[in-house]
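Show me the folded form of this:
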Amino acid sequence: MLDRETLRRIRRIQIRTRVILESGIGGAYHAVFKGRGMEFAEVREYTPGDEVRTIDWNVTARMGAPYVKKFVEERDLTLLLLVDVSGSQNFGSRYMLKRDYAAELTAVLAFSAVANHDRVGAVLFSDRIEGYVPPSAGQEHALRIVRDLLAKEPAGKGTDLDGALRFAQRVLRRRGIVAIISDFQATGYERALGALRRRHDVVALHLQDPREAEIPAAGLVALTDPETGQRIVADTARPEVRRALADPVFERAREVFKKTRVDAVTLSTAESYERPLRGFFKARERRR
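Presented below is the predicted three-dimensional model:
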């Protein structure tokens, strides 16, 4: 049974994502993730402006008037969402926590998939697999993914991205789309990411918070690692300390994306994901 706060968050996400989908994200998703090809649907009478190449000459000869073939996109796509629920997701200094930000992204992608008649599934991971929703279709299924994500109390705090990528490789047998929603605060996942990229269409939605990359000069500050629990006191008034504390994980992740040829977009909790996500989809469509 979901508590009242979780139900409230689900409702808020439903309303917000509906507005964002209506603004064009769903169409951008359709354009950038193409189906397997075109399949024949029917023939109809030729009208001015139709491609001459689509004329069905056999039907035209029988009917005594020009007819054209009509084709529809054969999608049959599966989207698998890999969603990071590790301890570092419970941080956010501006717009919202990374975990809440990831939940909205998950909802937007899941509802975009079902609106385009695709199947969608999800893997929730920390330093272990916290949950798996097998791919299926329909609004209720997409809503189940969002509910599971918001209601999940992870057993682990760390991040085993390598294990999550290998799990995705096992469960997604046919070629599909894999969207990784994470801050990528992990190491040792490059080989698994490259292997997944060779078999599937992989995109990385790289979450970051401004305070993780730029430490303010605030004097003595107690800092706790949300994944290990390690606690230190640092003098952030000193520039060399701020440089040492600024997490280099983002640059490391970008290098991995470059080596494995995985398309990635960086999304900051300081701003809405709507504009950068739409821009990422459009840029990816142009490259294709």
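
Run through the residues that contact Tyr29.
Tyr29 sits next to Leu109, Ser112, Ala113, Asn116, Phe281 when contact means Cβ atoms under 8 Å, 6 or more residues apart in numbering. Glycine gets a C-beta too; all of them are placed from N, C-alpha and C.

which one of those sits closest to Gly156?
Nearest to Gly156, judged by Cβ to Cβ, of the contacts of Tyr29 is Leu109 at 23.5 Å.

what's the distance between that closest one and Tyr189?
The gap separating Leu109 from Tyr189 is 21 Å, by Cβ to Cβ, to the nearest Å.

quick one: which of those two has more around it?
Using other Cβ atoms under 10 Å, the more surrounded residue of Leu109 and Tyr189 is Leu109, with 26 against 23.

Please list the residues outside stretch 119-138 that contact it.
With contact meaning Cβ under 8 Å, 6+ apart, stretch 119-138 is reached by 77-87, 106, 109-110, 113-114, 117-118, 141-142, 144-145, 148-149, 152, 154-161, 163-164, 167-168, 171-172, 176.

Bridging across strands, which residues link to the residue positioned nearest the centre of the chain?
For the chain, the residue nearest the mean C-alpha position is Ala179 (3.9 Å; Cα atoms, centre = their mean). Using DSSP bridges, the bridge partners assigned to Ala179 are Leu81, Val203.

doesn't Leu109 make contact with it?
Yes - contact status for Ala179 versus Leu109: in contact at 5.7 Å, counting by Cβ atoms under 8 Å.

Common neighbours of these two, please.
Both Ala179 and Leu109 are contacted by Leu79, Leu81, under the criterion Cβ under 8 Å, 6+ apart.

coming back round to it: closest to Ala65 among the contacts of Tyr29?
Closest approach to Ala65 among the contacts of Tyr29 (Cβ to Cβ): Asn116, at 34.8 Å.

Give me the nearest residue to the closest one, chain neighbours excluded.
Distance criterion Cβ to Cβ, 6 or more residues apart in numbering; nearest residue to Asn116, sequence neighbours excluded, is His30 at 4.8 Å.

and what of Val146?
Closest to Val146 by Cβ to Cβ, 6+ apart is Ala107, at 4.9 Å.

residues touching that neighbour, list them.
Ala107 makes contact with Ile13, Gln14, Thr17, Ala142, Val146, according to Cβ under 8 Å, 6+ apart.

in what helix or strand does the third one lie?
Assigning secondary structure by DSSP states H and E places Thr17 in helix 4-20.

quick revisit: out of the contacts of stretch 119-138, which end up buried?
Among the contacts of stretch 119-138, those classed as buried by neighbour count (16 or more other Cβ atoms under 10 Å) are 77-87, 106, 109-110, 113-114, 118, 141-142, 145, 148-149, 152, 154, 156-161, 163-164, 167-168, 172, 176.

So which of those sit within strands?
Of the buried ones among the contacts of stretch 119-138, the ones assigned to strands by DSSP state E are Thr78, Leu79, Leu80, Leu81, Leu82, Val83, Asp84.

can you give me the helices in this structure?
Secondary structure of the chain (DSSP state H): helices located at 4-20, 26-32, 57-63, 98-115, 139-151, 161-171, 190-199, 210-213, 239-245, 249-260, 274-287.

roughly how far out does the fifth one sit from the chain middle?
Between the mean C-alpha point of helix 139-151 and the mean C-alpha point of its chain there is a distance of 15 Å (Cα atoms, centre = their mean, to the nearest Å).

For the nearest residue to Ile145 once chain neighbours are set aside, list each beta-bridge partner.
Distances taken as Cβ to Cβ, 6+ apart put Ala122 closest to Ile145, at 4.6 Å, once the chain neighbours are dropped. With DSSP bridges as the criterion, Ala122 is bridged to Leu81, Val133.

who's in contact with Leu81?
With contact set as Cβ under 8 Å, 6+ apart, Leu81 has these partners: Thr106, Leu109, Ala110, Val120, Gly121, Ala122, Val123, Ile145, Ala179, Ile181.

still on that earlier bit, quick one: residues in contact with the helix holding Thr17.
2, 100, 103-104, 107-108, 111, 143, 146-147, 150-151, 274.
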